[in-house]
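Q: Any chance you can model this:
(one chain, ligands or ions: 2)
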Amino acid sequence: MSEPTACAKCRQPFDRQPRYKSSPFCRACVDRCFDTEIADHWCEIDRHFNDRA
Ligand SMILES: [Zn+2]
Ligand SMILES: [Zn+2]
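A: Ligands and ions are numbered 1, 2, ... in the order given. As a prediction, the model looks like this:
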């Protein structure tokens with residue numbers, strides 16, 4: 001399985017936007033997702049981190 005080289009959400013390359021741990025997303029996208037105050041917010045990042053269901 002090849003490592004992603006760019007964020008799966010904003011498509012910024014990881015050499016420009018640091019990657020969030022082993023996720024396919026950059027830190028900026030993950031931070032923005034986790035900090036959202038929209039109650040029914042749901043995106044591919046949430047799906048990724050809730051994949052155990
Ligand atoms: Zn991103
Ligand atoms: Zn989200």
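Q: Please see if the helix or strand of the chain with the lowest mean pLDDT touches ligand 1.
A: Using mean pLDDT, DSSP states H and E, helix 44-49 stands out as the lowest-scoring helix or strand of the chain, at a mean of 95. No. Applying Cβ under 5 Å from the ion, one finds helix 44-49 separated from ligand 1 by no less than 8.7 Å. (C-beta placed from N, C-alpha, C; glycine too.)
Q: can you tell me the helix or strand for residue 15?
A: Of the helices and strands defined by DSSP states H and E, none includes residue 15.
Q: Run a quick neighbour tally on it.
A: 9 (other Cβ atoms under 10 Å).
Q: Distance check, it against ligand 2.
A: 24 Å (Cβ to the ion, to the nearest Å).
Q: For residue 26, see how far away that residue is.
A: As judged by Cβ to Cβ, to the nearest Å, residue 15 and residue 26 stand 11 Å apart.
Q: so what does the host helix or strand of residue 31 touch, helix or strand wise?
A: Using DSSP H and E, residue 31 maps to helix 27-34. Applying 3 or more Cβ pairs under 8 Å, 6 or more residues apart in numbering; DSSP states H and E, one finds that helix 27-34 makes contact with helix 44-49.
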